[in-house]
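Undergrad: no FASTA, just this:
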C-alpha cells in the first residue's frame, strides 16, 4: 500500500520538481511561463523561497516526490510582507488522490503559524477544478483580469482568490513574521502529519 508524507523541500529535490513542473509549462496555460526551468534554476528558486516561506513536497513510498506547494511574496513593497501567493503542482499520475489538499493543509497551517495574514491564489480562467479546490479551503474571488496572458496561441483570463489567515480581523498592526526554521520543529512535524491525515488545522 502506498503511503504519503509531507516534508520541507531539499535542494536535491530540484530535478524531480522540474520534471513535475515541465508539462504545466509546455502543455497548459496554468502557468504563464514559456520555458520550463531546469534543475539548476529550480535550486535557485528554492533558495530564494526557503526561510521566509514554507516549501513543501509530498513524498510517496512507491514513487518518491509526487507534488509540491509553496508560498512566495505577493509583491515586493514592504506593506505587502504579510501577504503570500500560493503555488501548487502535482505529478499528472497522482492527481485526484487528495495530495493537493494535503499539501494545502500543511502549507496554510505553517503560514498561519509564521504570522502571515492573507493568502492569495492566481488562477488562469476558466479552471473550475482549481476554483472549487480553493473555495473548499475558504478562498473567495477578489479580482478578475481579462485577456491578461497570451500562451499556446490564445489570450487567457486570470482570476485572483484570497483567504484570511487571521481570525482577529484587520483592525490592528500585524505581528512579526517568523522564519520557517525558527518555528518549533515538533509543531511543524505535527502540522504536516495532521495535514496528511486530513484533519482540520484550524485555519
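TA: Noted; the coordinates are in hand. All figures in this text were calculated on a predicted structure; none of them were measured in a lab.
Undergrad: so how far is residue 64 from residue 123?
TA: Per C-beta to C-beta, to the nearest Å, residue 123 is found 28 Å from residue 64. Yep, even glycine has a C-beta here, placed from its N, CA and C like the rest.
Undergrad: More neighbours: which of these two?
TA: A side-by-side neighbour count of residue 123 and residue 64, using other C-beta atoms under 10 Å, places residue 123 first with 20 against 11.
Undergrad: how near is that one to residue 85?
TA: Distance from residue 123 to residue 85, by C-beta to C-beta: 11 Å.
Undergrad: Give me the neighbour count for residue 161.
TA: Count around residue 161 with other C-beta under 10 Å applied: 22.
Undergrad: my bad, should have said residue 80
TA: 14.
Undergrad: Might one say that it is in contact with residue 73?
TA: Yes. Counting by C-beta atoms under 8 Å, residue 80 does reach residue 73; the two are 7.1 Å apart.
Undergrad: Bridge partners for the nearest residue to residue 142 once chain neighbours are set aside, pull those for me.
TA: Of all residues not flanking residue 142 in the chain, residue 162 sits nearest, at 4.6 Å (C-beta to C-beta, 6 or more residues apart in numbering). When assigned by DSSP bridges, residue 162 has beta-bridge partners residue 120, residue 140.
Undergrad: quick one, what contacts residue 162?
TA: 118-121, 139-140, 142 (C-beta atoms under 8 Å, 6 or more residues apart in numbering).
Undergrad: which residues of this protein fall in helices?
TA: For the chain, helices defined by DSSP state H occupy the ranges 14-27, 39-49, 99-114, 128-136, 185-197.
Undergrad: same for the last one, what does it pack against?
TA: Using 3 or more C-beta pairs under 8 Å, 6 or more residues apart in numbering; DSSP states H and E as the contact criterion, the elements in contact with helix 185-197 are strand 4-8, helix 99-114.
Undergrad: Which strands border the shortest one, and is each parallel or antiparallel?
TA: Each strand paired with strand 4-8, and its direction, by DSSP bridges: strand 55-60 (antiparallel).
Undergrad: low pLDDT regions in this structure?
TA: 200-203 (pLDDT under 70).
Undergrad: Identify whichever of the helices of the chain lies nearest to residue 8.
TA: helix 185-197 (7.9 Å; C-beta to C-beta).
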